[in-house]
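Student: turn this into a model:
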Amino acid sequence: MTAEITRVRTALEALRSDTEHAKITRRLPADSGLKAIGVRMKDVFDTAKTWTDLDLDQVPELLASPLYEVRMVGVSILDFKARRPKLTDAGRRRLYETYLDHHDLINVWDLVDRAAPRVVGGYLLDKPRRPLFDLARSPRAIERRTAITAAFWLIRQGQLDDPLALAELLLDDRSELVTKPVGTALREVGKIDQRRLMEFLHRHHDRVQRPTLRLATSLLTDQERAELDR
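Tutor: All right, here's what the predicted structure looks like:
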C-alpha cells in the first residue's frame, strides 16, 4: 500500500463512528466482499475532495480496497476529476477507461451512481454510444446499471434518443439494480420532454414494471397518470 493510500485510509478511520458502522454494514450487499469503516457519506466525499489531485494511477488501489469507504473515495475522486472544466478529452478518456477497466471492483449500486454519469456518460457525450448498449447487454446487473446511470448525463444535456433506447432495452430486466434507475432515467426525460415520456409509457405500458413505473411517473399529476391506464 502506497503512503498516499495509507493516508486516505487513516483519515477515514479517524472519522469512524459505531452508529455509521452499523448503518453501512446493514445495507452493504452480503456478496460485495466489502467491510465498512463507519464514516458518514459527507465525510467520505469531503475526504475524496481533498485528494482530487491524487495521481490517477493510484486510484485503482483505492478501488481494490476491501473497505467500502476507501472504495467510495476512489470513485468519488474519479467524479471530482471529471468535473474539472479544463479537463481535456484525453483526460476524460483516462477516467472513463479507469472506471471500465476496474468495473469488477465497482460492485455496489452507490459506487456506480457516484461516478457513472460524469465519468462514463460525460466522456461519451460527443461520441458513439455503443459502449453503453454493450454494458446494457451485460450478464452482470451492476454493469447494466452503469449503462442507464451513465445516460443520466446525456439526459441532462438534452440528448434523449439513446437514453430512451437504453430504457427500452432494459424494461424487462428483473434486477432491482436496474429497474429503479430505468425509472429514474424516464422521470428525468419527462422533466425535459414530458410528451416523449408519455409516448414511451403508452407504447410500452404492458412491459413497464411497477418499480420503474412508480419512479417514472412520480412527477406526473394524478390526471396524467390516469391517462396511462386508458
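Student: please make it C-alpha for all contacts and neighbour counts, starting now.
Tutor: OK.
Student: confidence-wise, which helix or strand of the protein is lowest on average?
Tutor: Least confident helix or strand of the chain, by mean pLDDT, DSSP states H and E, is helix 222-227 with a mean of 88.
Student: any buried residues in it, and which?
Tutor: Along helix 222-227, these residues count as buried under the neighbour rule (16 or more other CA atoms under 10 Å): R225.
Student: can you tell me the closest non-neighbouring residue to A11?
Tutor: Using CA to CA, 6 or more residues apart in numbering and skipping the chain neighbours, the partner closest in space to A11 is T47 (7.5 Å).
Student: and V119, that one's in a helix?
Tutor: Yes - using DSSP: H, G, I helix; E, B strand; the rest coil, the assignment for V119 is a helix.
Student: could you measure from it over to L132?
Tutor: As judged by CA to CA, to the nearest Å, V119 and L132 stand 12 Å apart.
Student: cool, and T6?
Tutor: Here T6 is placed at a distance of 34 Å from L132 (CA to CA).
Student: so between the two, which is more surrounded?
Tutor: A side-by-side neighbour count of T6 and L132, using other CA atoms under 10 Å, places L132 first with 24 against 12.
Student: so the more buried one touches R145, yeah?
Tutor: No - with contact defined as CA atoms under 8 Å, L132 does not count as touching R145 (10.0 Å).
Student: shared neighbours of V119 and L132, anything?
Tutor: Common contacts of V119 and L132 (CA atoms under 8 Å, 6 or more residues apart in numbering): A150.
Student: what are the ranges of the helices in this structure?
Tutor: Taking DSSP state H as the criterion, the chain contains helices spanning 3-13, 18-27, 41-50, 59-63, 68-82, 89-101, 109-115, 130-136, 141-156, 161-170, 176-192, 194-203, 210-216, 222-227.
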